[in-house]
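# quick one, what's the 3D model for this:
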Amino acid sequence: MIRRLIGGGILASQHATSTTSSRSVPRAVDAYTRPVISTTTLANTGTLFKINRLFSSAPTPSDYLCVHVFVSVKPGTEDAFIKASLANARASAQEEGIARFDVIQEEDDPTKFVLVEVYKTSEAPAAHKETQHYLTWRKTVEDMMAQPRKAIKYRNKFPALSGGWDYGQGVPLE
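Got it, this is the predicted structure:
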């Protein structure tokens, strides 16, 4: 048997057999997750794969509000902006109403950034804007802006469940 990790947290176990079946056998691991074992055969190979993937025992739909904040900073302020934005992102990621808070920088123009903010509820953005870390960030970066930042709001379509967005407890972010 060969085991390997493939995308999306899937563990595939390869068996040298030509048996063909397709079934799911749930088995409880703890109160929150359970593996679902799906057995399938790849076409024309006779190789049987068992695929284990952790699913939430109580899946939650993720009709999350995704906000992309486009930022252009003045040349020479990139490092200070990154420092302030990472401090804000670290604290924001701990907020109950935030599923993700990413800071990304454009490769071709290092003065361009996008803050990707994923909120669990419609009230979460307003609550975020009242936090001390956000107020500190806004004041700190105010003079670094080359132009006013622009936000575009989206509703996610995939991943469809909250587990695909949330960082999870104890997951190292750096």
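# list the buried ones in the helix or strand hosting V114?
Here V114 is covered by strand 112-119, with elements defined by DSSP states H and E. Neighbour counts over strand 112-119 (16 or more other C-beta atoms under 10 Å) mark 112-115, 117-119 as buried. In this view, the C-beta of every residue, glycine as well, is placed from N, C-alpha and C.
# output those residues in JSON lines; the columns should cover distance to Q147 and pLDDT.
As requested, the buried residues of strand 112-119 are arranged in JSON lines below (distance: C-beta to C-beta, whole Å; pLDDT from 0 to 100):
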{"residue": "K112", "distance to Q147": "11", "pLDDT": "98"}
{"residue": "F113", "distance to Q147": "12", "pLDDT": "98"}
{"residue": "V114", "distance to Q147": "14", "pLDDT": "98"}
{"residue": "L115", "distance to Q147": "15", "pLDDT": "98"}
{"residue": "E117", "distance to Q147": "19", "pLDDT": "97"}
{"residue": "V118", "distance to Q147": "24", "pLDDT": "94"}
{"residue": "Y119", "distance to Q147": "24", "pLDDT": "94"}
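# turn those into CSV, including distance to D102.
Listed next are the buried residues of strand 112-119 as CSV, based on distance: C-beta to C-beta, whole Å:
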residue, distance to D102
K112, 15
F113, 10
V114, 8
L115, 7
E117, 8
V118, 8
Y119, 13
